[in-house]
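A.B. asks: Quick one, structure for this:
(chains A, B, C and D)
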There are 2 protein chains.
Amino acid sequence: MLPTNQSFLEYIEQAYNAKPGQDTIALKQFTKQHQLVIQGQQLSKIYLIKEGITKCFFYEDNDKEFIVEFLSKGEIIGEIEGIKKNRAMCTVEAITDVEAYSMSVAYFRELLEKDLQFNHLLIDVFAQRIINTATRASFQQLYTVAHSLLKLQQLIGKLDIKLSKDDMAAYLGINIRSLNRALKELGNE
Amino acid sequence: MLPTNQSFLEYIEQAYNAKPGQDTIALKQFTKQHQLVIQGQQLSKIYLIKEGITKCFFYEDNDKEFIVEFLSKGEIIGEIEGIKKNRAMCTVEAITDVEAYSMSVAYFRELLEKDLQFNHLLIDVFAQRIINTATRASFQQLYTVAHSLLKLQQLIGKLDIKLSKDDMAAYLGINIRSLNRALKELGNE
DNA sequence: CAATTAAAAGGACATTTGTCCGAACAGATA
DNA sequence: TATCTGTTCGGACAAATGTCCTTTTAATTG
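C.D. replies: Residues are numbered from 1 along each chain as shown, chains lettered A, B, ... in the order given. Model prediction:
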């Protein structure tokens, strides 16, 4: 969940330090609520989080939001689109102030093309992401909301963040009313 | 969904043909219902499907099943565990007779370690899998069962398979009773 | 502080989904 | 054919979740 892929971060930091002045990799600041990636748009950059937390969410046709995951220190953003050359699948928004390395899609592709170590780092991240996504999908489908909420609370604890109720509901794929009920249920029993 | 990653299959077929007699890659047959991977167990082999369809599913503590995805021609099985060295996350079972290339975990790792092209193929597969899994999780959380069932029926059509009602329910994360209701709803209106 | 506005919480009812169980149906056997 | 057996289907009710809207609380302003 939160193993903040340290090695990936180290790799990028090293590349960043090795090429000072060039505009292959830049270190950027984003304030809370800034949207680094916007669903449906072509991306300009690929990011690696140095500090802070973002949420990655779908905005569905029926006006509902679903948070796919929270991305924190050491996690990469936009890589799927960078590989598939698709438009952004979902929006990524800072829920705290965020500091991130940004690199051009071209540079990302270059690393992908040539650097085996980079490939390994990416594969490792992907594997974990698939595990997380699939595991959660199964869990949320097959267990009660209260059960899933409990897991979410544990995740919140680990990430050491505060989430708005809206975000909690969006993560669980339910509405606020149901979330309130589940919260009460967990609080009392 | 079903783009049956042809290039991955070609890659493995080539490797298979290049090393006849060696036991790095073997071509095996499995009959319907055979379980190629069993949840919770260490895996011995990694497979690449040459022909046929499998279902990949979780068996949860509450005795319910959730089908994560259907894997068909050109798709790889067990790679996540091969990378992370974990026990199998889910069970993979043939729902038709299946023909698959099997390779040892050691050989898989060797390719991963040394062969950039292999890494690229894997990354491509992973990216697509993340898109599929995340998209579906969001959809199934935020839309009605009937809506999700419609999508499933389209998928069934594309894969050109027959699914038992049990499997359909497991894919949707619902029980048979609810599935029957949704089927009737789609049939009539 | 009082008055006003905005945000959050929860009541009431509708809809959806799950559970349980009996009816209907199909296949096998005497 | 009559009987048995197992499977599928759907009715009836229970539980969970969504929708709508009122009440409550908190925050803001004059």
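A.B. asks: who in chain A is up against chain B?
C.D. replies: Proximity of chain A to chain B is confined to A:58, A:60, A:62, A:64, A:66, A:68, A:79-80, A:83-84, A:86, A:89-90, A:112, A:114, A:116, A:119-120, A:122-124, A:126-131, A:133-143, A:172-173 under the rule Cβ under 8 Å from any Cβ of the partner chain. Where C-beta positions appear, they are placed from N, C-alpha and C, glycine not excepted.
A.B. asks: could you flag which of those are buried?
C.D. replies: A:58, A:64, A:66, A:68, A:79-80, A:83, A:89-90, A:112, A:119-120, A:122-123, A:126-131, A:133-143, A:172-173 (16 or more other Cβ atoms under 10 Å in any protein chain shown).
A.B. asks: Can I get stretch A:52-72 as PDB, trimmed to CA atoms?
C.D. replies: The C-alpha trace of stretch A:52-72 is given here as PDB (Å, rounded to 0.1, in the frame of the first residue of the first chain):
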ATOM      1  CA  GLY A  52       3.000  14.900  -0.400                       C
ATOM      2  CA  ILE A  53      -0.100  12.900  -1.400                       C
ATOM      3  CA  THR A  54      -2.300  12.900  -4.400                       C
ATOM      4  CA  LYS A  55      -5.600  11.200  -5.200                       C
ATOM      5  CA  CYS A  56      -6.100   9.500  -8.600                       C
ATOM      6  CA  PHE A  57      -9.800   9.400  -9.500                       C
ATOM      7  CA  PHE A  58     -12.300   8.700 -12.300                       C
ATOM      8  CA  TYR A  59     -15.100  11.000 -13.100                       C
ATOM      9  CA  GLU A  60     -17.800   8.900 -14.500                       C
ATOM     10  CA  ASP A  61     -20.600   9.800 -17.000                       C
ATOM     11  CA  ASN A  62     -23.200   9.600 -14.200                       C
ATOM     12  CA  ASP A  63     -21.400  12.400 -12.400                       C
ATOM     13  CA  LYS A  64     -20.000  10.200  -9.700                       C
ATOM     14  CA  GLU A  65     -16.300  10.000  -8.700                       C
ATOM     15  CA  PHE A  66     -14.300   7.000  -7.900                       C
ATOM     16  CA  ILE A  67     -10.900   7.300  -6.300                       C
ATOM     17  CA  VAL A  68      -8.600   4.600  -7.700                       C
ATOM     18  CA  GLU A  69      -5.800   5.100  -5.300                       C
ATOM     19  CA  PHE A  70      -3.800   7.500  -3.300                       C
ATOM     20  CA  LEU A  71      -0.300   8.100  -4.600                       C
ATOM     21  CA  SER A  72       2.400   9.200  -2.200                       C
END
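A.B. asks: what does chain A put close to DNA strand D?
C.D. replies: Within chain A, the positions near DNA strand D by Cβ under 7 Å from any atom of the strand are A:144-146, A:173-175, A:177-178, A:181-182.
A.B. asks: try 10 Å
C.D. replies: A:62-64, A:140, A:143-149, A:169, A:172-182, A:185 (Cβ under 10 Å from any atom of the strand).
A.B. asks: The residues you listed in helices, which ones?
C.D. replies: Counting by DSSP state H, these place A:140, A:145-149, A:169, A:172, A:176-182, A:185 in helices.
A.B. asks: Looking at those residues, which one is closest to chain B?
C.D. replies: Among these, A:Gln140 lies closest to chain B (Cβ to the nearest Cβ), at 6.6 Å.
A.B. asks: wait, doesn't that closest one sit right on A:Leu152?
C.D. replies: No. Checked against Cβ atoms under 8 Å, the pair A:Gln140 and A:Leu152 is beyond contact range at 9.6 Å.
A.B. asks: Mutual contacts of the two, please.
C.D. replies: A:Leu172 (Cβ atoms under 8 Å, 6 or more residues apart in numbering or on different chains).
A.B. asks: Show me the helices in chain A, by range?
C.D. replies: Using DSSP H, helices in chain A cover A:6-18, A:79-84, A:105-114, A:116-142, A:145-159, A:165-172, A:176-188.
A.B. asks: Of the residues of chain A next to chain B, which are in range of DNA strand C?
C.D. replies: Among those, DNA strand C is touched by A:141-142 when using Cβ under 10 Å from any atom of the strand.
A.B. asks: Now a ChimeraX select for only the buried ones of the ones in helices among the residues of chain A next to DNA strand D.
C.D. replies: Those of those that count as buried under 16+ other Cβ under 10 Å are selected in ChimeraX with:
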select /A:140,145,148,149,169,172,179,182
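A.B. asks: Can you list the low-confidence ranges for chain A?
C.D. replies: A:1-4, A:20-21, A:188-189 (pLDDT under 70).
A.B. asks: Excluding chain neighbours, give the residue nearest to A:Ser104 in space.
C.D. replies: Take A:Ser104 and drop its neighbours on the chain: the residue closest to it by Cβ to Cβ, 6 or more residues apart in numbering or on different chains is A:Lys45, 6.4 Å away.
A.B. asks: Can you give me the distance of that neighbour to B:Asn180?
C.D. replies: Remark: distance between A:Lys45 and B:Asn180 (Cβ to Cβ, to the nearest Å) = 49 Å.
A.B. asks: Kindly confirm whether my reading is correct that A:Tyr143 touches B:Glu60.
C.D. replies: Yes. Counting by Cβ under 8 Å, A:Tyr143 touches B:Glu60, with 7.5 Å between them.
A.B. asks: For the helices of chain A, give me TSV that also has distance to A:Ile53.
C.D. replies: Shown next, in TSV, are the helices of chain A (distance: least, Cβ to Cβ, whole Å):
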stretch	distance to A:Ile53
helix A:6-18	14
helix A:79-84	18
helix A:105-114	22
helix A:116-142	15
helix A:145-159	6
helix A:165-172	11
helix A:176-188	20
